[in-house]
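*Asks:* Need coordinates for the following:
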Amino acid sequence: MVTTALQSCGNGVWRTAKACIVDRTGRKRLPIGQGDFAAVAPQSVYVDKTQLIADVLDSGYTVTLFCRPRRFGKTLNMTMMRTFFELPPDGRDNAPLFEGTDVWQADNGHYRQYQGAYPVVSMSMLTAKGLTWSQTFGSLRNMIADEYGRHRYLLDDATLPDDDRAYVTRILSRQAGEDDCRMSLTKLVALLNRYHQRPVVVLLDEYDAPIMTAYSAPNGGYYDEAVAFVKAWLTGTLKDSGDMLAFACLTGVQRISKESIFSDLNNLVVNTAMSTDFDERYGFSEEEVAALSNYLGYGVDGMDTARQWYDGYRFGQQDVYNPWSVLNFLKQGCAADVYWGNTSGNGVVGDLLHSANADTLRQIYTLMEPGGVIAAPLDLGVVFPDLGVKNVAIWSMLYLAGYLTTEDTALPGRSDLPRRLRIPNLEIAQLYKAEIINRFADVSGGRDRLDGFHRALCSGDEETVRAELSRVLRDSVSSFDLTSENSLHMLITGLCFGVPGYVDPKSNKEAGYGRYDLRLEPSGGDLANFSFVAPAVRPLITIELKYLRNDDASQEDFARQLQAKAKDALQQIDEHGYDEGDLPQQAQGRLRWGIAVGNRRCAVACQRLE
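*Replies:* Reported below is the predicted structural model:
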């Protein structure tokens with residue numbers, strides 16, 4: 001039982017047994033889209049994740065890479081650490097921002113001594129993107145110049161050697177070349193250490209953004225150039241800074257360790273969603289969502305919906321909600337919608353769906369089923385070029401990006417162990433469904449034609465179903481390598497996603513005296529909001545598929561064979577009782593389809609039962 005009773009601790013801090021909510025102004029403003037802790041803390045309500053600071057200090061790790069999906073709190077946590085640890089260049093006292101928080105109270109105030117104790121290098125690489133290496137390097141150069149600009153006071157040191165002064169000036173001019181920029185991180189750490197006579201904290205957010213952009217860029221991308229630069233830029237600082245470096249934290253989505261970016265680092269600790277360390281510091285726990293909902297005045301009314309739509313992730317041993325989606329859900333008065341997918345970009349899912357063969361589609365359709373699970377090993381040291389040659393790589397990327405999760409988090413270093421993968425929640429299931437519909441709209445020649453196929457399928461319009469399917473087979477079948485009933489099954493299943501008024505197609509389930517190929521069951525709800533005029537009657541639809549090889553028969557003979565197979569399929573539905581028994585509550589009658597395909601041609605047969 002989650003305890004939601006909040007206790008005021010003063011100064012805008014509210015607590016339950018396992019959650020802390022902070023709102024200094026009491027105005028209950030949610031920090032949606034804001035990633036700067038120094039701006040969030042004094043004016044917005046937020047879930048207290050400051051214990052991460054204590055965890056980092058207690059870990060003793062010199063370099064930690066946190067891999068989590070986008071919008072799971074990485075940037076806010078990084079700016080939180082900068083605000084806590086930094087000797088502010090502007091002299092501001094940030095201690096009041098942390099008073100009463102978990103880290104401030106922990107261990108009788110032990111961690112307060114580290115507040116404002118270090119010079120900090122803090123950069124976000126999220127915007128270091130471009131269509132070409134030249135554009136991306138220009139963005140990186142500007143990012144570096146901005147951070148040097150935060151520490152412009154270094155030029156006020158009269159003892160600064162002339163060559164260092166000239167170097168800083170070149171960086172600030174935004175005209176420095178690649179050689180200067182490659183050494184910029186190491187140089188800035190050295191200059192800050194010299195000036196402050198203290199070790200330096202390095203915080204690098206979304207380190208993998210330029211690598212991921214480089215790989216997906218048009219015309220083959222600029223992957224090698226991006227990897228070479230980032231490796232050279234990071235390695236000198238993280239490996240050879242010695243006592244000048246207090247510690248470093250990096251964040252990203254992908255763990256690109258095998259790219260040789262980190263190959264020379266023996267002091268790097270990679271923390272992924274499988275790790276038990278820090279597992280409560282990214283994303284929201286059940287208790288935190290309940291406490292935030294209670295503080296905002298919603299109580300537990302929306303918790304069941306929030307759980308179905310935004311829970312379901314497993315980080316280490318912690319069950320986790322998507323924080324971005326929860327904040328938007330609460331902002332919209334507990335209205336469930338796809339919030340995360342509308343901002344994070346779904347390129348990895350879209351690429352998978354548009355290039356998937358029949359076997360991969362079968363696995364995706366399995367995941368889409370209620371409680372759907374597939375088994376696959378996860379290699380979290382993703383190598384981007386492997387995506388084209390290793391089937392396991394795509395599941396690993398989907399996992400790291402937050403589109404899959406698993407409870408099988410033991411032995412995270414083992415890349416050979418099959419793990420049970422599943423879609424985390426309804427929000428992510430909707431993203432997959434949208435991408436499936438997009439792919440098969442392309443296969444059909446556009447969304448209007450797919451809608452037409454759906455209308456005909458629901459109404460028993462044999463001629464339109466045959467015509468639309470014939471055109472798909474003629475124009476798009478090569479992308480499926482349609483050589484078996486299995487590949488036919490994947491094609492027709494995909495075409496049946498997104499039928500308004502129906503749930504997702506069910507495949508190969510036991511019914512009657514066997515297993516049907518496909519079933520479409522009506523869903524509840526009003527059809528008024530759908531984009532086309534749906535049939536007034538929504539029958540239970542059962543589809544049986546037949547694949548026929550052409551053994552040198554004439555075109556006319558083969559057409560007759562296909563038609564006979566389509567009728568055989570209808571007879572099979574009847575003889576095996578695939579649609580017998582009580583109808584689903586919303587169904588009005590039964591509609592049976594027999595579909596036979598071969599040699600890019602098809603025949604269909606339909607039977608309606610009241």
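*Asks:* element containing residue 139?
*Replies:* Following DSSP states H and E, one finds residue 139 within helix 133-150.
*Asks:* Name the residues of the next helix or strand after that helix that are buried.
*Replies:* Next helix or strand after helix 133-150 toward the C-terminus (DSSP H and E): helix 162-172. Residues 164, 167-168, 170-172 are the ones in helix 162-172 that count as buried (16 or more other Cβ atoms under 10 Å). C-beta coordinates here come from the backbone N, C-alpha and C atoms, glycine included.
*Asks:* Can I get helix 162-172 in PDB, CA atoms only?
*Replies:* Output in PDB follows, covering the C-alpha atoms of helix 162-172 (Å, rounded to 0.1, in the frame of the first residue of the first chain):
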ATOM      1  CA  ASP A 162      51.000  33.900 -22.400                       C
ATOM      2  CA  ASP A 163      50.500  30.800 -24.400                       C
ATOM      3  CA  ASP A 164      47.500  29.700 -22.100                       C
ATOM      4  CA  ARG A 165      46.100  33.200 -22.500                       C
ATOM      5  CA  ALA A 166      46.300  33.000 -26.200                       C
ATOM      6  CA  TYR A 167      44.800  29.600 -26.200                       C
ATOM      7  CA  VAL A 168      41.800  30.700 -24.100                       C
ATOM      8  CA  THR A 169      41.300  33.700 -26.400                       C
ATOM      9  CA  ARG A 170      41.300  31.400 -29.500                       C
ATOM     10  CA  ILE A 171      38.600  29.200 -28.000                       C
ATOM     11  CA  LEU A 172      36.500  32.200 -27.000                       C
END
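*Asks:* counting contacts, what elements does it pack onto?
*Replies:* helix 133-150, helix 178-182, helix 184-196 (3 or more Cβ pairs under 8 Å, 6 or more residues apart in numbering; DSSP states H and E).
*Asks:* out of the ones you listed, deepest packed?
*Replies:* Among the helices and strands packed on helix 162-172, helix 184-196 has the highest mean neighbour count (mean count of other Cβ atoms under 10 Å), at a mean of 20.
*Asks:* so it versus helix 133-150, what angle?
*Replies:* Relative orientation of helix 184-196 versus helix 133-150 (axes from the mean of the first three to the mean of the last three Cα atoms, to 10 degrees): 10 degrees.
*Asks:* re earlier: show me which of the buried residues of helix 162-172 is closest to residue 42.
*Replies:* residue 172 (30.1 Å; Cβ to Cβ).
*Asks:* That closest one and residue 145 touch, don't they?
*Replies:* Yes: at 5.8 Å, residue 172 counts as touching residue 145 under the criterion of Cβ atoms under 8 Å.
*Asks:* among the helices and strands packed on helix 162-172, which is nearest residue 432?
*Replies:* Nearest to residue 432, of all the helices and strands packed on helix 162-172, is helix 133-150, at 30.1 Å by Cβ to Cβ.
*Asks:* Next, please give the residue ranges for the strands of the stretch 151-300 of the chain.
*Replies:* 200-205, 245-252, 268-271 (DSSP state E, counting those that start in this stretch).
*Asks:* Need those in CSV (columns: mean neighbour count and distance to residue 502).
*Replies:* CSV is the format used below for the strands of the stretch 151-300 of the chain (neighbours: other Cβ atoms under 10 Å; distance: least, Cβ to Cβ, whole Å):
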stretch, mean neighbour count, distance to residue 502
strand 200-205, 24, 43
strand 245-252, 23, 40
strand 268-271, 20, 43
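*Asks:* And for residue 514, the neighbour number?
*Replies:* Residue 514 has 12 neighbours, counted by other Cβ atoms under 10 Å.
*Asks:* That one contacts residue 579, doesn't it?
*Replies:* No: taking contacts as Cβ under 8 Å, residue 514 lies outside contact range of residue 579: 11.8 Å.
*Asks:* Show the end-to-end separation of stretch 233-252, please.
*Replies:* 16 Å (Cα to Cα, to the nearest Å).
*Asks:* How far off centre is it?
*Replies:* 28 Å (Cα atoms, centre = their mean, to the nearest Å).
*Asks:* Give me the mean pLDDT for it.
*Replies:* Stretch 233-252 carries an average pLDDT of 91.
*Asks:* Could you do stretch 521-538 as well?
*Replies:* Mean pLDDT, stretch 521-538: 64.
*Asks:* that older thread, which of the strands of the stretch 151-300 of the chain sits closest to residue 125?
*Replies:* With Cβ to Cβ as the measure, strand 200-205 is the member of these nearest residue 125 (6.6 Å).
*Asks:* Now do the strands in the stretch 501-610 of the chain.
*Replies:* Under DSSP E, counting those that start in this stretch, the stretch 501-610 of the chain gives strands at 506-507, 510-511, 514-515, 518-520, 540-547, 590-598, 601-609.
*Asks:* To residue 219, which of the ones you listed lies closest?
*Replies:* strand 590-598 (37.3 Å).
*Asks:* Flag the shaky bits of the stretch 501-610 of the chain, pLDDT-wise.
*Replies:* Flagging of the stretch 501-610 of the chain using pLDDT under 70 yields the residue ranges 525-536.
*Asks:* which one of the helices and strands packed on helix 162-172 lies closest to residue 400?
*Replies:* With Cβ to Cβ as the measure, helix 133-150 is the member of those nearest residue 400 (21.5 Å).
*Asks:* Check which helices and strands the closest one is in contact with.
*Replies:* In terms of contacts (3+ Cβ pairs under 8 Å, 6+ apart), helix 133-150 is packed against strand 120-124, helix 162-172, helix 178-182, helix 184-196, helix 209-216, helix 223-240.
*Asks:* Contacts for the third one, please.
*Replies:* When you say that, I think you mean helix 178-182. 137, 140-141, 144, 167, 170-171, 229, 232-233 (Cβ atoms under 8 Å, 6 or more residues apart in numbering).
*Asks:* Please work out which helix or strand belonging to this protein has the smallest mean pLDDT.
*Replies:* Across the helices and strands of the chain, mean confidence by mean pLDDT, DSSP states H and E is lowest for helix 341-344: a mean of 62.
*Asks:* Near residue 122, how many other residues are there?
*Replies:* Residue 122: 19 neighbours (other Cβ under 10 Å).
*Asks:* these two touch, right, it and residue 188?
*Replies:* No: using Cβ under 8 Å, residue 122 is not in contact with residue 188, being 10.8 Å away.
*Asks:* quick one: which of the contacts of helix 178-182 is nearest residue 307?
*Replies:* residue 140 (40.9 Å).
*Asks:* Tell me the predicted confidence for the closest residue to that closest one other than its chain neighbours.
*Replies:* Distances taken as Cβ to Cβ, 6 or more residues apart in numbering put residue 128 closest to residue 140, at 4.8 Å, once the chain neighbours are dropped. Looking at residue 128, its pLDDT is 90.
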